[in-house]
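**Student:** Quick one: sequence and predicted model below, then my questions.
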Amino acid sequence: MKYTTLPNTDIKVSKICLGTMTFGQQNTESEGHAQMDYALERGVNFFDTAEMYSIPSKKETYGSTERIIGTWFKKTGKREEVVLASKIAGPNANFGYMRDKLDFSPASIEYALDKSLQRLQTDYLDLYQLHWPERKTNCFGQRGYKFQEDAWEDNFYEVLEVLDGFVKAGKIKHIGVSNENPWGIMRFLEESKYHNLPRIKTIQNPYSLLNRLFENASAEVCFRENVGLLAYSPLAFGVLSGKYLSGEKQPNTRLSLFPQYSRYSSAKSTEATKLYQEVAHKHDLTLTQLAQAFVLQQLFVTSSIIGATTMEQLKENIDTIDVVLSDEILKEINAIQAIIPDPAP
């Protein structure tokens, strides 16, 4: 395994992070435990979850992923061997069964954090992330910012002040954001700088061969301000494994079970995926190796969050840590990006 540190901390994290959102629906408790056992054995010491997991979020399975991680901690006693990250859902999650109000008010943060800690059977989180902005922005399927009326009022300072209280109480070590944009990142950094409040260390956004929108502006912000990207969906819901290109039915895959997750299923995404697969095969790589290695080689990426439903998939994903793409391969990738830029916003 290869390691780095969470920016501006001394916390060592694996370049591959275990994503857990399938635990509780696609994966049983025992399967989730087996994945965590195997990942830790392979040197993956960074696990990511969220209060709204498993996905797709619904009342019956709300919090199931955190509960499964919690029972694994209780069974194994390995909490101190894991860098654990979770998230509080914001109003754009639109799931009212989680709590009375989905926002980042003091009451909501305290409630969500305490419930996550209870489910996870731990006293603290290494990283606590705001899962989505309270503002109406950065929506899936939308390129760029489009003004929308909303009731949000500037509360960056207030949110950081509340989180600071939990840092001082020992419930949180560090904080991050998710699905944010450059303006939001800079506003959080500005408030922390001028008011001596906790600094965001990471941003968790989608990044893959089919979605490189992060490079447009957020990458420079993160590089210059030393905020690390935790890249999620590096395989684009499994599309960049190539398994959907055969035309054969895939009955137990995420896109078959949950067709609403069609972000990476457009004709342009399929066309681009075929071209990337040709590049991979030309250089004796699998498409999974090509896609994952591309993400891991970006300087602004702290860790790539992988998700798997089978042990075979998990092993292949972790094995990609040893793949290094040559300049020639990177040029061929960028040539495809120039022809079909970001087909899945």
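**Tutor:** Structure received.
**Student:** can we go C-alpha only for contacts and neighbour counts from here?
**Tutor:** Fine.
**Student:** Tell me which residue of this structure is furthest from the middle?
**Tutor:** No residue in the chain has its C-alpha farther from the mean C-alpha position than residue 282, which lies at 29.9 Å (C-alpha atoms, centre = their mean).
**Student:** quick one, phi/psi of that residue?
**Tutor:** In terms of degrees, to the nearest 10, the main-chain angles of residue 282 are phi -60, psi -30.
**Student:** Just the pLDDT at it, thanks.
**Tutor:** pLDDT recorded at residue 282 is 98.
**Student:** do residue 259 as well
**Tutor:** For residue 259, the model assigns a pLDDT of 62.
**Student:** And residue 141, by the same measure?
**Tutor:** 65.
**Student:** Please apply the same query to the one 5 residues further on.
**Tutor:** At residue 146, the predicted lDDT confidence score is 75.
**Student:** Next, the distance between the ends of stretch 195-204.
**Tutor:** The straight-line separation of the ends of stretch 195-204 (C-alpha to C-alpha, to the nearest Å) is 24 Å.
**Student:** Residue 89 - nearest residue in space that isn't next to it in sequence?
**Tutor:** If you skip the residues right next to it in sequence, residue 89 has residue 131 as its closest partner in space, 5.0 Å away by C-alpha to C-alpha, 6 or more residues apart in numbering.
**Student:** got a list of what that neighbour touches?
**Tutor:** 50, 87, 88, 89, 90, 177, 178, 179 (C-alpha atoms under 8 Å, 6 or more residues apart in numbering).
**Student:** switch to 7 Å and redo it
**Tutor:** 87, 88, 89, 90, 177, 178, 179 (C-alpha atoms under 7 Å, 6 or more residues apart in numbering).
**Student:** One more: residue 83?
**Tutor:** Counting by C-alpha under 7 Å, 6+ apart, residue 83 touches 13, 45, 46, 47, 126.
**Student:** Beta-bridge partners for it, please?
**Tutor:** Here residue 83 sits in beta bridges with residue 46, as judged by DSSP bridges.
**Student:** how close does it sit to residue 46?
**Tutor:** Here residue 83 is placed at a distance of 5 Å from residue 46 (C-alpha to C-alpha).
**Student:** what do the two both touch?
**Tutor:** Among the neighbours of residue 83, those also in contact with residue 46 (C-alpha under 7 Å, 6+ apart) are residue 13.
**Student:** mind listing the strands for this structure?
**Tutor:** With DSSP state E as the criterion, the chain has strands at 3-5, 12-14, 16-19, 46-48, 83-88, 125-130, 172-178, 200-206, 228-232, 301-306.
**Student:** Find the residue ranges of the stretch 51-200 of the chain scoring beneath the pLDDT cut-off.
**Tutor:** Screening the stretch 51-200 of the chain residue by residue with the criterion pLDDT under 70, one finds the ranges 92-94, 139-143.
**Student:** same thing with the stretch 201-345 of the chain?
**Tutor:** In the stretch 201-345 of the chain (pLDDT under 70), the answer is 247-262.
**Student:** Do a quick rundown of the helices in it.
**Tutor:** In the stretch 201-345 of the chain, the helices defined using DSSP state H, counting those that start in this stretch lie at 218-225, 254-257, 267-282, 287-296, 311-319, 327-339.
**Student:** what's the angle between the third one and helix 287-296?
**Tutor:** Our comparison of helix 267-282 with helix 287-296, counting by axes from the mean of the first three to the mean of the last three C-alpha atoms, to 10 degrees, yields an angle of 100 degrees.
**Student:** got the CA positions of helix 267-282 in CSV?
**Tutor:** Presented in CSV, the C-alpha positions along helix 267-282 are these (Å, rounded to 0.1, in the frame of the first residue of the first chain):
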residue,chain,number,x,y,z
ALA,A,267,-24.4,7.6,-24.8
LYS,A,268,-21.4,9.9,-24.5
SER,A,269,-20.2,8.1,-21.4
THR,A,270,-20.5,4.8,-23.1
GLU,A,271,-18.6,6.1,-26.1
ALA,A,272,-15.8,7.5,-23.9
THR,A,273,-15.7,4.3,-21.9
LYS,A,274,-15.1,2.2,-25.0
LEU,A,275,-12.2,4.5,-26.0
TYR,A,276,-10.6,4.3,-22.6
GLN,A,277,-10.9,0.5,-22.7
GLU,A,278,-9.1,0.5,-26.0
VAL,A,279,-6.3,2.5,-24.5
ALA,A,280,-6.1,0.1,-21.5
HIS,A,281,-6.0,-3.1,-23.6
LYS,A,282,-3.4,-1.5,-25.9
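**Student:** That helix: how far from the chain's middle?
**Tutor:** In terms of C-alpha atoms, centre = their mean, to the nearest Å, the centre of helix 267-282 is set 24 Å apart from its chain centre.
**Student:** Touching that helix from outside, list them.
**Tutor:** Surrounding helix 267-282, the residues in contact under the criterion C-alpha under 7 Å, 6+ apart are 210, 240, 286, 287, 290, 333, 340, 343, 344.
**Student:** The first one reaches residue 344, doesn't it?
**Tutor:** If I follow you right, that is residue 210. Yes - if you go by C-alpha atoms under 7 Å, residue 210 and residue 344 touch, sitting 5.9 Å apart.
**Student:** who's more crowded, those two?
**Tutor:** Using other C-alpha atoms under 10 Å, the more surrounded residue of residue 210 and residue 344 is residue 210, with 29 against 22.
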